[in-house]
Structures are given as structure tokens and as C-alpha cells.
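Q: All I have is the shape, not the residue letters:
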């Protein structure tokens, strides 16, 4: 398992007590909220309130101009085309504005470009086609704020443009009748991190004069787009998602109901997590694998029969997407481990011929999660230009890293944790070198993967009542995560495989007479480093679940580690190793002497039935440095003393007698360190 730093939040207990008493809320919940920085009365009141506080749409600059121009189009019967985007946010925004305009009797159409053929945003070819079909007014959703050439072309064709977008501005605004963007300096609103569909909703609300009426009608679309675009679930976004979940529960549209069913939520409560992992991926699959119009057609369905057909097609596309994504991720992982780049480079650059451009971002996310490093996945197709998508770790701004290498890129965009670019094939290797040099210069020690923990808790406090009280935190997601509790010093009673093919793990744990059943997903028993009798620390989420009509406490492990590990020591030793490999030090402590090598091999033989990660081995040993372990394993691999299984390590079943002193690894270390 990849080792992560645990950061336990701190809270002002006195402030929590005051807020608990004032708002008549559970003291423990007040403590959690204060620990998350919600520590003044106004913020606390807004967080726990069920009221729908949405800012006035006219606080957005140019909203009055947009309303005036659209009303002119309505009166003249002018054809309006909503120009959308192929992701979840763009599709829901397109459907919302199209449906709203249609309900008002407008002459309305929509257009969503193909990811593979047209790419993101407006393009000249589509504009020409739409102008020929009679479009007089273009309204963008979730795109357009950087479409300077396309905006100019629209006006050259005698049409006009209104931009609604939520992406960051780059200085000037394209030519348009109005540009509605929450990040404009001229806005009067206090909160700007809203999705493209939320901006579209505000335009509709400005046109009809009621935020409540529009949100009541389209809250499901706003919630799906907000969660799908990974917006922070704070401030207005909490209202959007709360309202949307309520609508999906009580009055779902045909399309959303059908989507729930194929995603396996027909009989389950819909939460923000259900949107994120069930509904949104299926909507995104349409744009990733083919045409996003299929997802729009689903959400516009007027009968359950029509909706079911579209939902089944989306489900098939999602399955196809998952298969392609898993194949690409497996191929990248194997290549990285074989070349050693995953362990050596600070920023992982993976390249493949004809990788599906619709899934390389998800593959990058998987590689980042697996190795704890920023990852760029590049797809080449034989042409001059290659396409890339990237994901990063908290603390390493990937957009800024791309900015530092922008002279090598044709186009790039994104934000701190996710971005993409196009690049000439001839520049890829130079880019690989320069972004790693940038990472080394910017971060002597790279940011560590982190588990953010709300508080340390005794297992005796874990019960159904506590889990139910946490509902006040919902909806949970980015910026407002589920509560995570640290349970320390638990004894393992048993560990057993669970689920189809034994992909998951069920643990029976105990501390001072309190027994717990904890589930760890995506951890096969042969990759779990611990045994019955070992003492571990576990970071967990807790939720109330239903089974056979009865409610029970579900405990899910977020992270598991050996009891009492020293994070500071581990990350210091890891940085010593990485700087040694980068040629920035000659620390003699990295050398694995005979005693260190013997300790590593004894452990691997003792754990012959396990496939262990490097971090697993490090913490199980506890007696040698990280660098000694890494170089010992490198020498073992040369001698065929170990086998690797998708990044995990096990002792070879029939090892030959080995002379470690003759391996390239040991010879190199001796030569570099001057060891005789």
C-alpha cells in the first residue's frame, strides 16, 4: 500500500462548545465543523441551514445585457443555438438552457462538439454549419471565455454571441454581446467557484425573475453538473446539490430515473457520492467514447421507454470506457515499473500510441493514486501533435508546472490538480526533462500524499447514532469530505477476502474489548501486509446502511498502517533517496550492507504468500532506511531473488544462489560512494 501522511485537524474546543449551545447542535458535530474552519456564527449558521440562499443573478457582470439580447431574440423569433461541451457539466448546462428556452417557446437548438474530432469549445467548422442553418444568436455554456478567433468569426457571419462560462479568464474577453463568468472582477458576488451549469441556471433565473422557480425545476441537472465537474461542495454549491438530491429522490425526470436504475441505485439512497461514482461517469462516458449528444438525449427524454433505451446505451459506453481505461492503466503501470521511471521521476510522463483521448485523464488519475506523484499521460497517433491529460497531488500545482514549460506546448489549460495540453512529438522528451527539473527546483521535497483526518477517536464511540448524526455534513464531496476518524492501536483478529474474486478485504479488529468489522475495498488478501495478531492504525469513514430491512453501522477503511509509524522519518528518508538518485547528494547512509540485505530477504521469505509494496516492506522491517531498502531490492531483482507483480514484490519461488557484490547496483553504489 502507498504510504500517506496523516494530518489530524485541530479545533478550538471552547468555540465549538459555544456554537453547539447557540445552535442546539451535537457538540461533536460542532467540533468537526470548527476543525474544518467553520468557526464563526454566520458561516456556521449558513452551513447547517436548509434555506436556499442563492445570490442575485444580476450580481454577475453583463447579466442585464444578456437578458436584454435574449429577450430581443425571443420577440423576433430569432434562432438561438446553445453551444455546449461534452463533459458532465457541459451536457447538463446545455440541457438546462435548451429545456428552459423551449418551455418559453423560443426558436432553440443545441450543439455539442465531438471530443475526438473537434476538441473542446467552439470551432470554425461548427460555427459555419450553424450559421448556415439560420442561427442568429450563439449562447455558450461551460466554454467560450477564451474563444477569441471563434467569436470574431461569429460576428463576421452576421450572428451574435453570449458567453456563459466558469473557467478562469486570460485577460481580455472575446467579442460578444455579454460575457457571464463568475471570475470576472466586475462581479458583485462573494462566491465564484460554481460550475458551468450553475452559471446557466443563473441566466435562466434572471430571464424568468425567480431563482427558486428555476432551481426547483432544474436542481437535478445543477447537482449532477456541479458534482461531475468536481466543484467544492461549500457555499452555494451545497444548496445546489442538496436541492438536486431532494428532487432526484422525490421527483426525478425520466432520464435521471433511468440513469439511477442502470447505475444500480434503483433501491438505494442517492447521495453526492452516488452522483460522483454512479451517474456522472455514465454521462461523461458518452462524450469520452463517442457523442455527448447521447447523454443530452437521455436527459431530455420525455418517456421512460425512451429514457431506458438511452440509459442502457450510456451504461454500455461506460463499460467500454472502463475496459479501455483499465487496459491503458495496466499498460502504463507495467511500462513505468519496467523502466523504473515511476520510482525515479518526480513527475511521471507516460506515453502511448493511440491511447483513447477520452480516457487518458482517468488513467492519469489512477497512476497518480497508485504512485502518489503528478502524472501526465500523452496519446500520440502518428501525427505531428500529441494530446495529454494530467492529474496532480495536493501541493503540486500542475497548471503552474505547465506554465513553466509553456514554450514547449502548443496549447494548455486546466487548474492546480488537473490540466491538459497539446504538444509536438519532437518536444515530448524535452518536456519530460524540463518538468522534472522544474519539480526538483520548486520542491526539494515533493508534497506527500495526505489523508486528512477530522479527529482521533476511540472505537468505543463508533455506533449507529454517531453515523446518523454525521448526516448534517451532507452533501459530502470535494471541499466538504466525509468525516474521517483515526482509530489507533487495533489488534487484528482476522482478515478474510470479500466480494467477487476476493478483490476486497474484511477485517475483524479489537481494542479493549470493543470489536469492529471493517471493510477495505480493492485490497486482495495476498496484498494485505498484516496478519492476525498484528497491531494497526486505521483511518475510517462510517455510514448507516440498510440490509434486509435493518439498519447497521458500516465502517470503511480509508487507509491502514502499522501502529505507531513515524511519518517524518519515512518522508525524510524517501527524500534522501530521491535526491541521491537525482545526483543532489552522496549520502553514504543509502548503501545496503550485508546485514540490511539479509533483513530484507528474511522478511520476504517469511511473507512468501504475500505481494508487498516497497512501503509495506519498509514499515514491516522498521530497521533499515528507505534508500537501503530500494537499493537492496534493485540488487535482488538483478539476481532474480524477487518477482514483481504489478508493482508488488514477492520472493522468487526457487531462487538461485546470488552474489550481490557483483550486481550493477552494488558496484555503482560502491564506486559513487568510494566504498572499498
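A: That came in fine, so what should we check first? What you are looking at is a predicted structure, and each value in this text was computed from that prediction instead of being measured.
Q: For residue 138, which non-adjacent residue is closest in space?
A: Setting aside the residues directly before and after it, residue 138 is nearest to residue 161 in space (C-beta to C-beta, 6 or more residues apart in numbering), at 4.8 Å. C-beta here means a position set from N, CA and C on the backbone, and glycine is covered the same way.
Q: That neighbour - how many residues pack around it?
A: Residues lying near residue 161 (other C-beta atoms under 10 Å) number 26.
Q: Please state the backbone phi and psi of it?
A: phi -140, psi 130 (degrees, to the nearest 10).
Q: residue ranges for the strands of the stretch 401-550 of the chain, please.
A: Using DSSP state E, counting those that start in this stretch, the strands found in the stretch 401-550 of the chain span residues 409-414, 418-424, 450-453, 455-456, 485-498, 504-511, 514-520, 535-547, 550-562.
Q: on that earlier part again, how confident was the prediction at the residue nearest to residue 138?
A: pLDDT recorded at residue 161 is 97.
Q: The closest residue in space to residue 354 that isn't next to it in sequence - how many residues pack around it?
A: Residue nearest to residue 354 in three dimensions, not counting chain neighbours: residue 381, with 5.4 Å by C-beta to C-beta, 6+ apart. By the criterion of other C-beta under 10 Å, residue 381 has 13 neighbours.
Q: Check residue 23 too.
A: Counted with other C-beta under 10 Å, the neighbours of residue 23 add up to 16.
Q: thinking it is in contact with residue 44, fair?
A: Yes. Between residue 23 and residue 44 a contact is recorded at 6.5 Å, counting by C-beta atoms under 8 Å.
Q: Now do the shared contacts for these two.
A: Here residue 23 and residue 44 have residue 30 as joint contacts, going by C-beta atoms under 8 Å, 6 or more residues apart in numbering.
Q: circling back: TSV for the strands of the stretch 401-550 of the chain, including mean neighbour count and distance to residue 613?
A: Listed next are those as TSV, based on neighbours: other C-beta atoms under 10 Å; distance: least, C-beta to C-beta, whole Å:
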stretch	mean neighbour count	distance to residue 613
strand 409-414	16	30
strand 418-424	20	25
strand 450-453	16	16
strand 455-456	14	25
strand 485-498	17	17
strand 504-511	18	15
strand 514-520	17	14
strand 535-547	18	15
strand 550-562	17	12
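Q: Out of those strands, the one nearest residue 572 is which?
A: Of all the strands of the stretch 401-550 of the chain, it is strand 450-453 that lies closest to residue 572, at 16.0 Å by C-beta to C-beta.
Q: what pLDDT, on average, does the closest one get?
A: So the average pLDDT for strand 450-453 ends up being 94.
Q: coming back round to it: can you list the strands of the stretch 401-550 of the chain in TSV and add distance to residue 528?
A: Compiled in TSV, these are given as follows (distance: least, C-beta to C-beta, whole Å):
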stretch	distance to residue 528
strand 409-414	36
strand 418-424	31
strand 450-453	18
strand 455-456	23
strand 485-498	6
strand 504-511	6
strand 514-520	8
strand 535-547	10
strand 550-562	8
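Q: and these, which one's lowest on average pLDDT?
A: Taking the mean pLDDT of the strands of the stretch 401-550 of the chain, strand 409-414 comes last: a mean of 83.
Q: Give the partner strands of it in its sheet and their orientations.
A: Strand 409-414 has the following strand partners under DSSP bridges: strand 418-424 (antiparallel).
Q: contacts for the partner strand?
A: 230, 361, 378, 384-392, 398-399, 402, 408-414, 431.
Q: before we move on, the earlier item: my read: the residue nearest to residue 138 touches residue 173, true?
A: No. In this structure, residue 161 is not within contact of residue 173 by C-beta under 8 Å, at 10.8 Å.
Q: ok, now how distant is the residue nearest to residue 138 from residue 151?
A: Distance of residue 161 to residue 151, given as C-beta to C-beta, to the nearest Å: 5 Å.
Q: what touches both of these two?
A: Jointly contacting residue 161 and residue 151 under the rule C-beta under 8 Å, 6+ apart are 144, 174, 175, 176.
Q: Out of those residues, which sit inside helices?
A: Among the shared contacts of residue 161 and residue 151, none falls in helices (DSSP state H).
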